[in-house]
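Trainee: Below are the sequence and a predicted model; questions follow.
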Protein chains: 2
Amino acid sequence: MISIPTIKRFPSYLRVLRHYRQLGYDWISATKIAEELGLTAVQVRKDMAGTGVEGKPKIGFEIDPLIAAIMHNLNWDTQTDAILVGAGNLGLALARYEGFASYGLRITAIFDSDESKCGKAVGDLLIMPINNISSYIQAHEVRIAVLTVPAAQAQQVAEQLVAYGIRAIWNFAPKDLKLSENVIVQRSDLATSFAVLSAKCRRMIDHGENSPVDLL
Amino acid sequence: MISIPTIKRFPSYLRVLRHYRQLGYDWISATKIAEELGLTAVQVRKDMAGTGVEGKPKIGFEIDPLIAAIMHNLNWDTQTDAILVGAGNLGLALARYEGFASYGLRITAIFDSDESKCGKAVGDLLIMPINNISSYIQAHEVRIAVLTVPAAQAQQVAEQLVAYGIRAIWNFAPKDLKLSENVIVQRSDLATSFAVLSAKCRRMIDHGENSPVDLL
């Protein structure tokens, strides 16, 4: 069982491995990976052990099989279709975001409750009325939803999505969803991320602007 | 010293506290907060202890002072100005995102290296050429930058920002920045967030779609 902290480091490992592959390397040492990411070599070896790829003493890891193993563990080696619900600024930006393709994620439909938005094009897709969402989910057997509705609607919309067959929600709404434990919910909340930055800035201010920031 | 996990829970606490305030409550128990967020009451009391606000036995916490204390610890009670660098889809969405105001964050300028974008309006702001960034930072004494440039440019742009006086970077580029330890860097990387969701989906698939997802 690979731990969540390890999973969270996998995308950074992929970036380093691909970078060294592009530079022409076939093998990379745990020490080199650790240096690139500010980790210890012990941590890197521990994380890599979970992938099933074994390193060789003094040489390290063969890059291509390691990339493939990480991609498989992340489920990024198969295309995953998802719908996006909530065509506000953030929703539209995510719908247009090209980086998702490299994670195997494809947004196949966009829904909004605002009828004036429906029919508008976002890249190759048209915004559809939220009333169509049940039939869409059933027809396309999509199991993942990206939720970008306002906080006030998030819980209700999420419950509907689950009732219609959605099993995993990537929640960008600033709202803590209460759903069945069978549903995978991953929050990507700007508030939480900014909270950490902001609290560190508070301490920098309190301790004087030129003091080192080893505060948290 | 408040820990990072506690800081990360502060925005959720704020949402619950404000919700109960709106419902007309003046006091709230640790048990009630814990129920709302799926935490233990012990954890809530521990987190609250860091704010300096003391609860009363059998009554709990007075909501208004607790909100004020959390806001202060997050530095959300004062307005913080920041520049945004990189006017791509994600950058523009963040520049337009109204939720930042509730964290005390105000984007005061947007920069991009693409001259064809410069002069375009985003809300009340105009996109400015990146060549102006040094004089802007010095003139306005801004210390925080939101970084939304492509991964390939992120390290170089971040180094420039630091050289010009930026002390904290909220990094949305899918790139691990290597900067002086004096610089606060907070990553808000979509890849990392999606990695966790995706890895959980992988296990759901491997274990059969209808099995419970207590897998990570």
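Mentor: Now that the structure is in, tell me what you want to look at. Numbers count the residues shown, from 1 in each chain, chains lettered A, B, ... in the order given.

Trainee: So which bits of the top helix by length along chain A are buried?
Mentor: With secondary structure taken from DSSP state H, chain A has its longest helix at helix A:4-22. By neighbour count on 16 or more other CB atoms under 10 Å in any protein chain shown, the buried set for helix A:4-22 is A:6-17, A:20. Heads up, the C-betas are built off the backbone N, CA and C, glycines and all.

Trainee: which secondary structure elements does the longest strand belonging to chain A contact?
Mentor: Taking DSSP state E as the criterion, chain A has its longest strand at strand A:105-112. Judged by 3 or more CB pairs under 8 Å, 6 or more residues apart in numbering or on different chains; DSSP states H and E, strand A:105-112 is in contact with strand A:80-85, helix A:89-96, strand A:125-129, helix A:133-140.

Trainee: Quick one: mean pLDDT over it.
Mentor: Across strand A:105-112, the average pLDDT comes to 95.

Trainee: That strand to strand A:80-85, inter-axis angle?
Mentor: If you take axes from the mean of the first three to the mean of the last three CA atoms, to 10 degrees, strand A:105-112 sits at 20 degrees to strand A:80-85.

Trainee: Show me what strand A:105-112 pairs with in its sheet, parallel or antiparallel.
Mentor: Partners of strand A:105-112 in the sheet, by DSSP bridges, are strand A:80-85 (parallel), strand A:125-129 (parallel).

Trainee: could you give the angle of that strand to helix A:89-96?
Mentor: 140 degrees.

Trainee: could you check whether whichever helix or strand comes after strand A:105-112 is close to chain B?
Mentor: Counting by DSSP states H and E, the next helix or strand C-terminal to strand A:105-112 is strand A:121-122. No: judged by CB under 8 Å from any CB of the partner chain, strand A:121-122 and chain B are separated, with a smallest distance of 10.4 Å.

Trainee: ok, back up a step: what separates the longest strand of chain A from the chain centre, distance-wise?
Mentor: 15 Å (CA atoms, centre = their mean, to the nearest Å).

Trainee: any idea of the mean pLDDT in stretch A:123-139?
Mentor: 94.

Trainee: Give me the buried positions along it.
Mentor: Residues of stretch A:123-139 classed as buried by neighbour count (16+ other CB under 10 Å): A:L125, A:I127, A:M128, A:I130, A:I133, A:Y136, A:I137.

Trainee: As CSV, could you dump the C-alpha coordinates of it?
Mentor: Provided in CSV are the C-alpha atoms of stretch A:123-139 (Å, rounded to 0.1, in the frame of the first residue of the first chain):
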residue,chain,number,x,y,z
GLY,A,123,-12.5,24.7,-26.5
ASP,A,124,-14.1,21.7,-28.2
LEU,A,125,-17.0,21.5,-25.7
LEU,A,126,-20.3,23.2,-25.3
ILE,A,127,-21.6,24.2,-21.8
MET,A,128,-24.7,22.1,-21.2
PRO,A,129,-27.6,22.6,-18.8
ILE,A,130,-27.3,20.9,-15.5
ASN,A,131,-30.6,19.2,-16.0
ASN,A,132,-28.9,17.0,-18.6
ILE,A,133,-26.3,15.7,-16.2
SER,A,134,-28.1,12.6,-15.1
SER,A,135,-28.7,11.2,-18.6
TYR,A,136,-25.1,12.2,-19.6
ILE,A,137,-23.5,10.3,-16.7
GLN,A,138,-25.6,7.3,-17.4
ALA,A,139,-25.0,7.3,-21.1
